[in-house]
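>>> Sequence isn't available, so here's the structure alone:
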């Protein structure tokens, strides 16, 4: 799960990669307009790579190029699906089981 700065960097990459499918480090830094410190930016990029949201396939003149994976392109949809799955497993199913158990218990007691 991404928080704060990593989410900002991912949104910037999603916006910049819309047309060509990749973007460079320089483009991302210009887009973010120095709102994130370089050491924080490096940590965010590392986290995004570890989460499998971006890839760094090549470098052009020593400047890395970033490419989004399928999960990186549709991160919010994956998060929404995970939230719905959580609701079903943790809230809806236990309520249904409790209601059924109560109905069975009341039916047996009468």
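Noted; the coordinates are in hand. This is a predicted model, so every value here is computed, not measured.

>>> Neighbours of residue 28, how many?
A count of neighbours around residue 28, defined by other Cβ atoms under 10 Å, yields 21. Placement of C-beta: from N, CA and C, glycine included.

>>> buried ones in the lowest-mean-pLDDT helix or strand in the chain?
Using mean pLDDT, DSSP states H and E, strand 54-60 stands out as the lowest-scoring helix or strand of the chain, at a mean of 82. Of the residues in strand 54-60, those with enough neighbours to count as buried (16 or more other Cβ atoms under 10 Å) are residue 54.

>>> And that strand, what does it pack against?
Strand 54-60 is packed against helix 38-50, strand 63-68, with contacts defined by 3 or more Cβ pairs under 8 Å, 6 or more residues apart in numbering; DSSP states H and E.

>>> now the ones you listed as CSV including mean neighbour count and mean pLDDT?
Output for the helices and strands packed on strand 54-60, formatted as CSV (neighbours: other Cβ atoms under 10 Å; pLDDT from 0 to 100):
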stretch, mean neighbour count, mean pLDDT
helix 38-50, 15, 88
strand 63-68, 17, 89
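
>>> export those to TSV and tack on distance to residue 103?
Supplementary listing: these in TSV, determined by distance: least, Cβ to Cβ, whole Å:
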stretch	distance to residue 103
helix 38-50	47
strand 63-68	49
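
>>> out of the ones you listed, nearest to residue 22?
Nearest to residue 22 among the helices and strands packed on strand 54-60 is strand 63-68; the distance by Cβ to Cβ comes to 4.5 Å.

>>> quick one: contacts of the closest one?
13-14, 17, 21-26, 28, 45, 53-59 (Cβ atoms under 8 Å, 6 or more residues apart in numbering).

>>> Tell me the secondary structure of residue 35, please.
Of the three states, residue 35 takes coil according to DSSP: H, G, I helix; E, B strand; the rest coil.

>>> Just list the residues touching the nearest residue to it once chain neighbours are set aside, thanks.
Nearest residue to residue 35, sequence neighbours excluded (Cβ to Cβ, 6 or more residues apart in numbering): residue 8, at 7.3 Å. Under the criterion of Cβ under 8 Å, 6+ apart, the contact partners of residue 8 comprise 32, 35, 36, 44.
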